[in-house]
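Asker: Whatever this is, show me its structure:
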Amino acid sequence: MNSFNPQIDRRDQDAIASQVRDHLVEFLPDNWAGSTADEQSAAIKEDPQTETLVQIFARAMESVNQRINRIPDKHFLSFLEMLGVDQLPPESASAYLLLETTPQAESPVLVPEGTQVSPVGGGENPVVFETTEDISVLPWSIQKSFVHSPNSDRFTDSSALLTKESSTTIFSGQKKLPHRIYFGHNDLLSFDEPATVRLDIVLEEDCQPPTADWQVRWFTYKEDSDSPVELNPENVNGQPGAGTLNLLTSGSIQFTGLSNVAEKEVGGYREYSSAGGWTRISAKKRWIFAELQSALPAGSTSLPRIRSATFSVARNRPAKSIERAAWNNRTLDASRDFLPFDRRPELGDCFYFSSSAFSQPGSSITMFVVPAELGATADGIQLRYEFWDGEQWSLLGDSTNANTGANGPYQLMDGSNAFTAGSAQTPAMITFQCPVIVQTRVSGQQGYWIRARLAQGDYGREATYDGENYSPATFQPPRIASMKVEAESGFESNVGLPQSVITENGFFFDDMTDANNMGSGGTGNAFLPFQRDPDNQPSFYLAFENDIANRPINMLFSVPGGSVNAYQLLDPENLPVLIWEGWGKDGWEPLTTKDKTERFTRREKIRVIGNGKAAKRPLFGINAYWIRVRLLQGIFRIEPEIDRIYMNAVEAFHRTTIKDEILGSSNGEPGQTFKLAKIPVLEGQQILIEEPHIGTADIVSISAEEGEDAVQETLDESGKPLSVRVRWHEVSGFELSQPSSRHYTIDRASGLISFGDGQRGMIPPQGVKNIIAGQYATGGGARGNVSAGALNKLRKSIARIKSVTNPFNAVGGVDIETLPGVRARGPGTIKSRNRAVTAKDFESLVAQSTGEIARVLCLPTSDGSYNFHPGYVTIIIVPVSDASVSRPSPSAELITYVEDYLKQRGPTEIVHSDPRQVNVIGPSYIGVAVETIVHSLASADAQKVKDSVDERLRRYFHAHLGGQEGKGWPFGRNVYLSEVYAILEELDGVDYVESVKLKSGRQITRIVPYTAFFLPTRYPGGSSIVVEGKRTIAGEGGVEEISTKVVSLLAEDLPEDTSVIEFVGIGFQENEKVTLVSDLDDGVSESSFIESIESGVLRLKQPIRNSYQAGRARVVSRDGNIEATIMQSINAGADDPEVQEVRIPEHAAGDKFEIIHRNSDISRKAGVIKSATHYDAKVYLDANYLTYSGAHSVTIV
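Answerer: Residues are numbered from 1 along each chain as shown. I've put the predicted structure just below:
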């Protein structure tokens, strides 16, 4: 607003001098040469002495006029002052500080209120911030964070946001909770060669799939893989058995070609029980396990129950050399020829050999023995074959040098005749049924061992002397070239219950081995392999490694963009109720909290105080101290997000506090003044007057004005008052003060304190040093708006505090108001009395709240989604920015500052409502890109012209600096092709502009019907255009045809009595809230915002959480006026959990259209589309939208 400053005398020095010369000519005509007045006036100017006097007089008169002309302005300022319109004091910038302890700190460190922080190297007059409260700085951080949404059976490990910016929806998990059942057996699943494993499942009863997408996959662990390996199971007939494979029907599941199953430890914490508390279970086995691929959402019923599971294994191990061999206690090298009983066998000698084939009890073992040479002789040989059973060497069978047939408990048949028979062409065979052999060590080697003990007979004798006759030794021991083992076993030979059965549901484990064993015997109860979490409310969890009982936890929560439109997030009819809880000895218990985030809609601090009963518990596989925030009731329209959590946060303001400053002594005279030492003075000072005594009536009136603590008495030993300090009340002037009113005024710029004269305001009682500034603060101003990271130095060190910083820019600092600012603000303030009632009042107050705001738009009766809603106000602010910021958006701190500013000045019933009925937000933007061909002058530099064109376009579409006048693009103003031509042709070096095309972040389509139609009635802009057609898409079963429907709006009026040959429709646009809706009977829907639009593809700002079927789902705008069929099926959470794009139809020739009058459903016009193309002559903007510059294409010719 222009200042009120009418000019009383507009003459300047030249005009006054000219008038003086005219008077000299008029009254003293004979003194000047010349025959005309003009000649005489010229003669005066040529006379140095006269002209000097004229100029001196004119200058003095001009100076007087300047003072006279300021009289109205001074009177205007005096008038404003009389009405209480004073200069606004400086405002302090605010910032959140993060404090960190040293590694040596083992307990919390107290940082008191008023701790001062400034930038390193701040100079002689540094910017000083003071903390607003005591903070107990914890020496530990948050260990982990998780999102859990039990109704959808999902979770998210959101721990990344503890160390870096990482957006997370805090009540909507993205990953399916694990549901697995493990079947383990170390013996039956121990084999190197491929085998067939059968798992026989007996259910309590067959059941239907609990969910539409129910699927179970089977896995194992392999020795050559760190990750689980998926198996391809079949039923016993080799055909897929979907019911049994998915654990829905009893039957047998067969795994063919399985080998090298690795041992792995599986287990974790068991669910809490009052008897045992939190216990761990684990088992190290070879496993086959089933994993449920679908989630178990709320309402899942008829879950399968297992009565028993049994393993059986069929193996066919080809012949392989024995793996180890030994004679007595000496290791033999079985990879070459060897002597099993050495060169001179003796009774009791043992030949040991081992093979992994001996680990298969019940299998048929065949050993192929090839002697290295023939000729081994034996006399009455008996070899006793034995195996280690875990306690002793037990009989396997006997062998002699004469084939004795099968014998012994395991039907041993030795075709080698005690290693004396066989050849390379016809190896000797030893067969038996494999017993249960326990691993042991022989000659320091671990394995499954069998031994052949020389129990009787010999392979020759030692040399002898018979008198004089010498008989040489006759030893001919067996020498073996190779010895191989083959094993065969059927299912019936290798049957057993799993040694361990473990279920895992949501990171909790349970041992079902006993239940499975009892179920196999027909006793006991069936058990659930997959179970839902018993919780039913979404929660956000924080884990701490250290005990947090009775600890105040000060956390700064950052939301994407710094703030969220509260109305878009919250439903006033079903507001979300959040409760913070901590896990204690008696379960989850409420915690004392102070939440300034307003349900996670703004970047703010949350203080949580432990209740003294903290206890550790496992969650998500981690044993820690836990707190959580739970959505107790209500809903969020859009899932709230946070992108960072900071620990040990405290708010600080740009100020320095001075306490108990003696201002002087009262002499009892009227109109006394005193001056504060530090200026400028911020609001909130306390001026105390020490008075000898005070009456009860005075105490009552003082308390009414200043509060209950305004009177401070000092008593002597007997309890009698020695003195009384009274906090006096600040007023803007003494006009309404009474003789007994304890009032004062303050000039914040100079620090001058003034008291009354006894008639208008009480005179301070006479006393010595009895005028005291109990507390005041100095500082404030725009210099306090320091950048992130600038506040990094404690002005006074605190033991065990390592560092301090501000993670975000400080905001809100405003210099003391200038006199022009007072003049501009005054009339509006008088009109509104610093209270917002009308839309203009809101705009005026917001504009004057801080110098950081460039432009303001108030939308009355508009809620946070821009819907008509009486009693609601939406205020859009554009911050001051330079041309490098294409889409200026207010910071969270600026929005918070404006909201708090309005809380003190707006109607109570709307500024303090829940949720907020006054929503302060940033603007929505539509990108505008220009494609142009420009002809430059022959003398111009083509590259410079191109750069000039690009720069002009970028500035023209800037929200703060653009538009025709360079004062910012007007809210909701359309972009016209002709204006773009005009601004480009004004540029230096441009000859003419050949063409301009406009592209934008909005669907704008020019539609031409096959046949023109006549309109007898005007169809206003905003009337519906319904277009229906057929499209061919690629479906699961091949190519299929779907029906499509697109509803858009007329961009402009179609006038009455007109033949329409074309019209323009507008559809979705950037930053618009849309809802995805399934047309199936599943009730699935979700909301998000459009990030960008490219042809028929909408890219959303958030990943899509649900699945939608092509042709059976729609995208709908926030007001329901625009919608389009979804053309491509979306399977979110399956193969691509991060789907953000939605494909919708584009108009095509042959589609049928119908225009429906905005105000009358009866009035309609229908036709068939001949052509539909992008309309590039104009960009249409809604009232809350501004433009930003897109990527321009400039061609210079």
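Asker: Following the helix or strand of the chain with the lowest mean pLDDT in sequence, what is the next regular element?
Answerer: Least confident helix or strand, the chain: helix 566-569 with a mean of 65, by mean pLDDT, DSSP states H and E. Per DSSP states H and E, the first helix or strand lying C-terminal to helix 566-569 is strand 577-584.
Asker: Report the buried residues of that next one.
Answerer: The neighbour-count criterion (16 or more other C-beta atoms under 10 Å) identifies 578-584 as the buried residues of strand 577-584. C-betas here are computed from N, CA, C, even on glycine.
Asker: Please state the mean pLDDT value computed over it.
Answerer: Here strand 577-584 scores 93 as its mean pLDDT.
Asker: residue ranges for the helices of the stretch 401-550 of the chain, please.
Answerer: 513-520 (DSSP state H, counting those that start in this stretch).
Asker: Do a quick rundown of the strands in it.
Answerer: With strands called from DSSP state E, counting those that start in this stretch, the stretch 401-550 of the chain shows them at 413-414, 428-433, 440-442, 445-447, 449-458, 464-466, 469-471, 480-489, 495-496, 500-505, 508-511, 539-544.
Asker: now for those strands, which one comes closest to G348?
Answerer: Among those, the nearest to G348 by C-beta to C-beta is strand 449-458 (6.4 Å).
Asker: what's the model's confidence in that closest one, averaged?
Answerer: 93.
Asker: Against which helices or strands is it packed?
Answerer: Packed against strand 449-458, as judged by 3 or more C-beta pairs under 8 Å, 6 or more residues apart in numbering; DSSP states H and E, are the following elements: strand 350-354, strand 379-388, strand 393-400, strand 440-442.
Asker: at 10 Å what do you get?
Answerer: Packing partners of strand 449-458 (3 or more C-beta pairs under 10 Å, 6 or more residues apart in numbering; DSSP states H and E): strand 324-327, strand 350-354, strand 379-388, strand 393-400, strand 428-433, strand 440-442.
Asker: in stretch 185-199, what's buried?
Answerer: 185-191, 193, 195-199.
Asker: Quick check: next helix or strand after the biggest helix by length in the chain?
Answerer: Selection of the longest helix in the chain by residue count, based on DSSP state H, yields helix 48-69. Downstream of helix 48-69, the first helix or strand assigned by DSSP H and E is helix 71-82.
Asker: Now do the buried residues in that following helix.
Answerer: Result for helix 71-82 [16+ other C-beta under 10 Å]: buried residues 76-77, 80.
Asker: Can you lay out these as TSV showing distance to E1041 and pLDDT?
Answerer: TSV is the format used below for these (distance: C-beta to C-beta, whole Å; pLDDT from 0 to 100):
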residue	distance to E1041	pLDDT
F76	76	87
L77	77	84
L80	74	84
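Asker: And the furthest pair within the buried residues of stretch 185-199?
Answerer: Counting by C-beta to C-beta, the most remote pair of these is E193 and L199, 19.5 Å apart.
Asker: List phi and psi for the spatially most central residue of the chain.
Answerer: In the chain, the centroid-proximal residue (C-alpha atoms, centre = their mean) is S167; its distance is 1.9 Å. Dihedral angles of S167 (phi, psi; degrees, to the nearest 10) stand at phi -70, psi 130.
Asker: ok, and the closest non-adjacent residue to it?
Answerer: D643 (4.4 Å; C-beta to C-beta, 6 or more residues apart in numbering).
Asker: now the longest helix of the chain: mean pLDDT?
Answerer: pLDDT averaged over helix 48-69 gives 91.
Asker: Could you list the buried residues of it?
Answerer: In helix 48-69, counting by 16+ other C-beta under 10 Å, buried: 50, 54-55, 58, 61-62, 65.
Asker: mind putting the buried residues of strand 577-584 in CSV, distance to R783 included?
Answerer: What follows is those, written out as CSV (distance: C-beta to C-beta, whole Å):
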residue, distance to R783
L578, 38
I579, 42
W580, 38
E581, 43
G582, 42
W583, 46
G584, 48
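Asker: count of residues packed around the residue nearest to S666 when sequence neighbours are not counted?
Answerer: Spatial nearest neighbour of S666, excluding adjacent residues (C-beta to C-beta, 6+ apart): P764 at 3.9 Å. Residues near P764, counting by other C-beta atoms under 10 Å, number 26.
Asker: is it fair to say P764 lies in a strand?
Answerer: No: counting by DSSP: H, G, I helix; E, B strand; the rest coil, P764 is not found in a strand; it is coil.
Asker: So it versus G733, what's the distance?
Answerer: P764 is 18 Å from G733, where distance means C-beta to C-beta, to the nearest Å.
Asker: Check the contact between L736 and H729; I expect there is one.
Answerer: No: counting by C-beta atoms under 10 Å, L736 stays clear of H729, with 11.7 Å between them.
Asker: is it true that S227 touches F219?
Answerer: Yes: under the criterion of C-beta under 10 Å, S227 makes contact with F219 at 9.2 Å.
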